[in-house]
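Novice: Got a predicted structure here, sequence first:
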Amino acid sequence: MTARERVLAQLRYASVHAIDGWESGVALANVGGYRFGARIHELRQDGYVIERRTDPRSAVDQYRLVEQAQLALAI
């Protein structure tokens, strides 16, 4: 499994199992390596919608995969 596939799998896992669907950048770095941001960029180029926010409590960036069903509801 490539680093890109591991990052995508972790984002998909968080979208189902995390309370709010957000995954920390630290957790993504653990599965995708220190260049996980490049993997997120590649996934976005492939058409995946990935949101980013900063957790106000810890100042750590968090990421969330927005599934196509969620996009349809937002329109």
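Specialist: Received, thanks.

Novice: buried residues in stretch 36-52?
Specialist: 36-37, 39-40, 43, 48, 50 (16 or more other CB atoms under 10 Å). (C-beta placed from N, C-alpha, C; glycine too.)

Novice: Generate TSV for the residues you listed, with distance to Gln10 and secondary structure as supplementary columns.
Specialist: Shown next, in TSV, are these (distance: CB to CB, whole Å; DSSP: H, G, I helix; E, B strand; the rest coil):
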residue	distance to Gln10	secondary structure
Phe36	9	helix
Gly37	14	helix
Arg39	10	helix
Ile40	11	helix
Leu43	11	helix
Tyr48	13	coil
Ile50	11	strand
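
Novice: Identify, from those residues, the entry nearest to Leu8.
Specialist: Distance to Leu8 across the buried residues of stretch 36-52 (CB to CB) is lowest for Leu43, with 5.9 Å.

Novice: Contact partners for the closest one?
Specialist: Residues near Leu43 by CB atoms under 8 Å, 6 or more residues apart in numbering: 4, 7-8, 50.

Novice: coming back round to it: the buried residues of stretch 36-52 into JSON lines, with extra columns for distance to Glu67?
Specialist: Output for the buried residues of stretch 36-52, formatted as JSON lines (distance: CB to CB, whole Å):
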{"residue": "Phe36", "distance to Glu67": "20"}
{"residue": "Gly37", "distance to Glu67": "21"}
{"residue": "Arg39", "distance to Glu67": "18"}
{"residue": "Ile40", "distance to Glu67": "16"}
{"residue": "Leu43", "distance to Glu67": "13"}
{"residue": "Tyr48", "distance to Glu67": "9"}
{"residue": "Ile50", "distance to Glu67": "11"}
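
Novice: out of these, which one sits closest to His17?
Specialist: Ile50 (17.0 Å).

Novice: any weak-confidence spans in this structure?
Specialist: Filtered on pLDDT under 70, the chain yields the residue ranges 68-75.
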